[in-house]
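# here is the input, now give the coordinates:
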Amino acid sequence: MKKVFIFLIKLYRKYLSPLKHTKCPYYPSCSEYGLEAIERYGAFKGGILASYRILRCNPLSKGGYDPVPIKYVRRCKSTSD
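Numbers count the residues shown, from 1 in each chain. Sure, this is the predicted structure:
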């Protein structure tokens with residue numbers, strides 16, 4: 001599955017990305033981030049990280065430097081009584 005996601009991202013970068021007239025406000029770009037996240041954490045966890053990054057990437061975003069985390073940490077709300 002990991003290879004399939006990497007292949008799809010590379011297809012996007014080669015054929016679709018050049019057609020876009022906007023540039024990703026983040027560094028590394030979202031596709032670079034996705035590749036690195038999937039290579040580092042696998043299809044599931046890397047896919048979650050890449051999806052979250054893509055959701056944050058929009059024209060209203062400041063962007064900036066946002067690397068793939070060194071350690072994958074699952075974010076969840078804790079409930080305390």
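
# pLDDT weak spots in this structure?
Scanning the chain for pLDDT under 70 picks out 72-81.

# in it, spot the helix with the most residues.
In the chain, with assignment by DSSP state H, the single longest helix is helix 30-56.

# ok, then the element right after that helix?
strand 64-65 (DSSP states H and E).

# circling back: name the helices or strands packed onto the longest helix of the chain?
Helix 30-56 sits against helix 2-11, with contacts defined as 3 or more CB pairs under 8 Å, 6 or more residues apart in numbering; DSSP states H and E. Where C-beta positions appear, they are placed from N, C-alpha and C, glycine not excepted.

# tell me the helices and strands packed up against the helix it packs on.
Short answer (3+ CB pairs under 8 Å, 6+ apart): helix 2-11 packs on helix 30-56.

# list the buried residues of the helix it packs on.
30-38, 41, 43, 46-47, 49-50, 53 (16 or more other CB atoms under 10 Å).

# now do stretch 57-68
Applying 16+ other CB under 10 Å to stretch 57-68 flags C57, D66, V68 as buried.

# residues in contact with the residue nearest to the first one when sequence neighbours are not counted?
By that I understand C57. Once flanking residues are discounted, C57 sits nearest to C30: 5.2 Å by CB to CB, 6 or more residues apart in numbering. By CB atoms under 8 Å, 6 or more residues apart in numbering, C30 lies in contact with C24, A50, R53, I54, C57.

# now the two most distant members of those.
C24 and A50 (12.6 Å; CB to CB).

# quick check: the gap between the residue sitting nearest the centre point of the chain and Y15.
The centroid of the chain falls nearest to A50 when counting by CA atoms, centre = their mean (2.6 Å). From A50 across to Y15, the span is 18 Å (CB to CB, to the nearest Å).

# same question, Y65
In terms of CB to CB, Y65 sits 27 Å off from Y15.

# about what we covered before: mind checking how far the residue nearest to the centre of the chain is from I6?
11 Å.

# could you do K23 as well?
22 Å.

# which one of those two is surrounded by more residues?
A count of neighbours by other CB atoms under 10 Å puts I6 above the other of K23 and I6, at 16 against 9.
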